[in-house]
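Asks: Sequence and computational prediction follow.
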Amino acid sequence: MRLPLDAAGLRREEFLFNPSDIFAEDGQRLMAARRGTAEETGDCTVLLRESGGVWRIDAAARQFPLQDPNIAHIGDELVLSGVRCRKDGKGEWHWHCEFYRGKRYGELEYFFSGPPQMKDIRLVELPDGKVGVFTRPQGLAYRAKTGHIADIGYTEVESLSALSAWSTRCGADCSAYSDMLRAGTGLSVRG
């Protein structure tokens, strides 16, 4: 689906792609999108607002150093997630998912990072109030360990705070934390 877009705020070499779901705030339709170039350096997540049927970049809104934004609603909070990428001293790419939460887009605060080399962690609120966590471990190191390039995992946590506390307590090198998010509990689809 193509949406009418006012390209003001984009440099000639930039484009918008991988938008989030549309969400509402104060009666206004919003979405987050990845702004970037073909070189994939300096990509970021920007906020778009719909006005008069046309989507425009909100230049006053906070930008996040993330690719491929995703929006979830958990309880009464908005959760923005995306992939944080960086190159090391050897020129090799490293990435992980970062999560921000708050009552409104302008109030989002960092609260959680997924394990290294995992993209596309998705959260969903379950009917009982728990949080479903879908994961996608992938990459060459994962392939060497498991024999396949990627999996889809699923697990549940009691709340966003439980996810954050686990991450804070364990850090990225905690094997129990990484294994929980890599394999999930209950669902693992090989691909």
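Replies: The structure has been received and is ready for your questions.
Asks: Show me where the chain has its strands.
Replies: Remark: strands assigned in the chain by DSSP state E are 5-6, 15-17, 23-25, 28-36, 44-51, 54-57, 67-74, 77-87, 93-102, 109-113, 122-125, 131-135, 151-157, 187-190.
Asks: of all those strands, which lies closest to R143?
Replies: Across the strands of the chain, R143 has its closest neighbour in strand 151-157 (10.4 Å, Cβ to Cβ). Where you see a C-beta, it was placed from the backbone N, CA and C, and this is true even at glycine.
Asks: List the buried residues of that closest one.
Replies: Under the neighbour-count criterion of 16 or more other Cβ atoms under 10 Å, strand 151-157 has 151-155, 157 buried.
Asks: Return the angle between stretch directions for that strand and strand 131-135.
Replies: Relative orientation of strand 151-157 and strand 131-135, computed by axes from the mean of the first three to the mean of the last three Cα atoms, to 10 degrees: 160 degrees.
Asks: Just list what strand 151-157 packs against, helices and strands only.
Replies: Secondary-structure packing of strand 151-157 (3 or more Cβ pairs under 8 Å, 6 or more residues apart in numbering; DSSP states H and E): strand 131-135, helix 175-183, strand 187-190.
Asks: what's the average pLDDT for the longest one?
Replies: The average pLDDT within helix 175-183 is 51.
Asks: for the first one, same thing?
Replies: Confidence over strand 131-135, taken as the mean pLDDT, stands at 87.
Asks: Could you number the chain from 332 rather than 1 from now on?
Replies: Happy to do that; since the first residue is 332 now, the last one works out to strand 462-466.
Asks: Direction included, what does that strand pair up with?
Replies: Note on strand 462-466: by DSSP bridges, its sheet partners are strand 453-456 (antiparallel), strand 482-488 (antiparallel).
Asks: which stretch in those strands has the least confidence?
Replies: strand 482-488 (a mean of 80).
Asks: For this structure, give me the ranges with low pLDDT.
Replies: Within the chain, the stretches falling below the threshold (pLDDT under 70) are 332-334, 371-372, 470, 495-522.
Asks: Which residue is the nearest non-sequential neighbour of R435?
Replies: Counting by Cβ to Cβ, 6 or more residues apart in numbering, R435 lies nearest to E356, which is 5.9 Å off, once chain neighbours are set aside.
Asks: Return the set of residues that bridge with the one you found.
Replies: Bridge pairing for E356 - DSSP bridges - gives Q359.
Asks: How many residues are close by it?
Replies: Using other Cβ atoms under 10 Å, E356 has 14 neighbouring residues.
Asks: again with the one 4 residues further on
Replies: Counted with other Cβ under 10 Å, the burial measure for R360 works out to 13 neighbours.
Asks: For beta bridges, what are the partners of the closest residue to it other than its chain neighbours?
Replies: Once flanking residues are discounted, R360 sits nearest to E381: 4.2 Å by Cβ to Cβ, 6+ apart. On the basis of DSSP bridges, E381 is bridged to W386.
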